[in-house]
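Peer 1: Build me a model:
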Amino acid sequence: MQLTPAQKQIAKNKTRFRVVNCGRRFGKTILATEEMIALGLHREARIAYVAPTFQQARDIAWEQLKRRLVNVNPDINESRLEIKFNNVAGTTSTIVLRGWEAIETLRGQSYDFVVLDEVASMRYFWEGWQEVIRPTLTDRKGGAMFISTPKGFNHFYELYNMEATDKQFKSFHFTSYDNPNIPSEEIDEAKNQLTEDRFAQEYLADFRKQEGLVYKEFQRSRHVYSEATIDVAERLAGIDFGFTNPTAILTILRDRNDVYWVTNELYKTGMTTEAIAEYVISQNYNKIYPDPASPEAIKHLTDKHLNVYEVTKSKDSIQTGIGKIRELFKQGRIKIHESCKNLIWELETYAYPEKMSNHNEQEVPIKENDHAVDALRYCLMTNNPVRTPIETIQRMRVMANRNRGESAW
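Peer 2: Numbering: from 1, shown residues only. Next up, the predicted model:
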């Protein structure tokens with residue numbers, strides 16, 4: 001199959017890990033399938049194609065792979081989405097299609113090449129890449145191709161910038177206009193119908209803030225830090241319990257100017273209530289603010305004589321808590337350490353449902369990407385600093401300086 005000039009540029013590059021940031025209809029599926037087939041026909045190879053879900057893997061690449069390999073009499077397993085075929089070396093190559101939602105099925109496998117498609121939509125990407133996918137490439141010194149259209153400044157944005165620090169990575173950026181098989185007037189028509197940000201993201205592959213973000217005030221340049229000297233007044237914890245979903249525990253230091261510094265995060269699946277309690281005990285928190293929807297887990301903490309505070313859960317508590325967090329971001333009173341990657345990722349992806357015409361705007365966010373941000377909300381919406389008279393005077397001076405335009409923090 002004839003590749004476009006842009007596709008050829010990517011295919012000819014021999015860097016081990018290639019990150020392809022491209023607009024819609026660029027031809028990423030054709031590029032991926034052609035690379036997989038070419039490798040498998042050239043020599044014995046084990047290859048994996050991974051989409052966000054198993055069904056998406058079937059819908060996106062399966063039929064195309066079967067059509068392209070029909071002339072080599074492949075052995076096709078429809079239920080497992082696996083194809084085996086002979087190569088020019090007289091041996092057998094294998095291509096398997098998998099879904100990211102069951103990425104653990106690849107643990108312990110060995111591959112020469114892995115394609116990860118629609119990377120921006122893969123949840124908990126870094127854990128899956130570092131713990132499962134990357135080890136599958138070790139024995140065979142395999143490579144990987146990461147393909148996606150952006151989705152805010154999430155893990156795909158970080159992946160795209162890996163080439164700046166790791167010479168094994170190479171990034172490519174192409175828009176929908178770079179596919180000569182798509183009439184440019186069709187893309188121009190989409191430009192007239194979509195918002196500027198959405199068109200820039202979907203067709204120009206431009207990293208933009210995702211539309212409908214809950215915490216749109218959050219900015220990495222303003223709210224993320226690497227080093228700081230903190231005059232600690234309280235050591236706090238926000239906890240969102242989970243087991244199948246991750247447990248999120250944030251360590252938050254309130255300083256004497258009432259700035260909240262998120263210094264550490266625990267973000268882990270499969271944690272029992274006992275394991276959570278052990279971790280919390282080890283951190284020596286002054287105050288603990290847990291998810292009010294988990295009374296048994298809370299009781300386990302209180303039975304350990306930990307200083308657990310009640311978090312109010314009412315009809316409007318989510319909206320009220322979100323409002324307080326947004327205001328703290330506006331005031332520059334939340335600082336997040338750069339190592340808290342899951343919290344940062346959630347802040348940049350936690351969103352409201354898409355606005356529908358003839359409907360009122362939704363006030364409740366989509367129930368996903370919300371474990372660490374919920375832990376943040378439980379803590380900061382409930383924490384009410386109690387000050388000594390001296391601290392009150394100092395605080396009043398700080399606020400007075402701030403009102404005069406002087407540096408408050």
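Peer 1: C-alpha from now on. contacts and neighbour counts both.
Peer 2: Noted.
Peer 1: Ser294 contacts Gly242, correct?
Peer 2: No. Assessed by CA atoms under 8 Å, Ser294 is found out of contact with Gly242, at 9.4 Å.
Peer 1: In the stretch 251-400 of the chain, mark out all the strands, start to finish.
Peer 2: Listed in chain order, the strands of the stretch 251-400 of the chain (DSSP state E, counting those that start in this stretch) span 260-268, 287-290, 334-337.
Peer 1: Now mean pLDDT and distance to Lys216 too, for these, in CSV please.
Peer 2: Shown next, in CSV, are those (pLDDT from 0 to 100; distance: least, CA to CA, whole Å):
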stretch, mean pLDDT, distance to Lys216
strand 260-268, 96, 18
strand 287-290, 96, 24
strand 334-337, 97, 14
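Peer 1: intersection of neighbour lists for Ser294 and Gly242?
Peer 2: When CA atoms under 8 Å, 6 or more residues apart in numbering defines a contact, no residue borders Ser294 and Gly242 alike.
Peer 1: Name the residue in these two with the higher neighbour count.
Peer 2: Comparing Ser294 with Gly242 by other CA atoms under 10 Å, the one with more neighbours is Gly242, at 21 against 12.
Peer 1: Checking the more buried one next. Helix, strand or coil?
Peer 2: Under DSSP: H, G, I helix; E, B strand; the rest coil, Gly242 falls in the coil class.
Peer 1: got the contact list for it?
Peer 2: Gly242 makes contacts with 248, 269-271, as judged by CA under 8 Å, 6+ apart.
Peer 1: Can you give me the domain boundaries for the chain?
Peer 2: 5-202, 220-403 (automatic domain parsing).
Peer 1: what stretches of this structure score poorly on pLDDT?
Peer 2: 1, 354-362, 386-409 (pLDDT under 70).
Peer 1: hang on, Leu250 in a strand?
Peer 2: Yes. Applying three-state DSSP, one finds Leu250 inside a strand.
Peer 1: pretty sure it contacts Arg377?
Peer 2: No. At 10.5 Å, Leu250 does not count as touching Arg377 under the criterion of CA under 8 Å.
Peer 1: Quick check: neighbours shared by these two?
Peer 2: Contacts common to Leu250 and Arg377, judged by CA under 8 Å, 6+ apart, are Gly238.
Peer 1: quick one: Glu163 and Ser171 touch, right?
Peer 2: Yes. The pair Glu163 / Ser171 is scored as a contact, 6.5 Å apart, by CA under 8 Å.
Peer 1: Those two: who's more crowded?
Peer 2: Ser171 (19 against 16).
Peer 1: Phi and psi next, for the more buried one.
Peer 2: In terms of degrees, to the nearest 10, the main-chain angles of Ser171 are phi -110, psi 150.
Peer 1: now it: how far from Lys141?
Peer 2: Distance check for Ser171 against Lys141: by CA to CA, to the nearest Å, it reads 20 Å.
Peer 1: and Trp126, what does it touch?
Peer 2: Trp126 neighbours (CA under 8 Å, 6+ apart): His155.
Peer 1: if we can go back for a sec, redo the domains of the chain as CSV? Include distance to Leu213.
Peer 2: Putting the domains of the chain into CSV (distance: least, CA to CA, whole Å) gives the following:
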stretch, distance to Leu213
domain 5-202, 10
domain 220-403, 4
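Peer 1: I'd like the strands of the stretch 251-400 of the chain as CSV, with distance to Leu194 and mean neighbour count appended.
Peer 2: CSV is the format used below for the strands of the stretch 251-400 of the chain (distance: least, CA to CA, whole Å; neighbours: other CA atoms under 10 Å):
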stretch, distance to Leu194, mean neighbour count
strand 260-268, 36, 21
strand 287-290, 41, 24
strand 334-337, 33, 22
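Peer 1: Compare these and give me the one nearest Gly90.
Peer 2: Closest to Gly90 of the strands of the stretch 251-400 of the chain, according to CA to CA: strand 260-268, at 45.5 Å.
Peer 1: which SS class is Val70?
Peer 2: helix.
Peer 1: And it, how close does it get to Arg43?
Peer 2: Distance of Val70 to Arg43, given as CA to CA: 18 Å.
Peer 1: Counting neighbours, go ahead and name the busier of the two.
Peer 2: Set side by side, Val70 and Arg43 show more neighbours around Arg43, with 16 against 11, by other CA under 10 Å.
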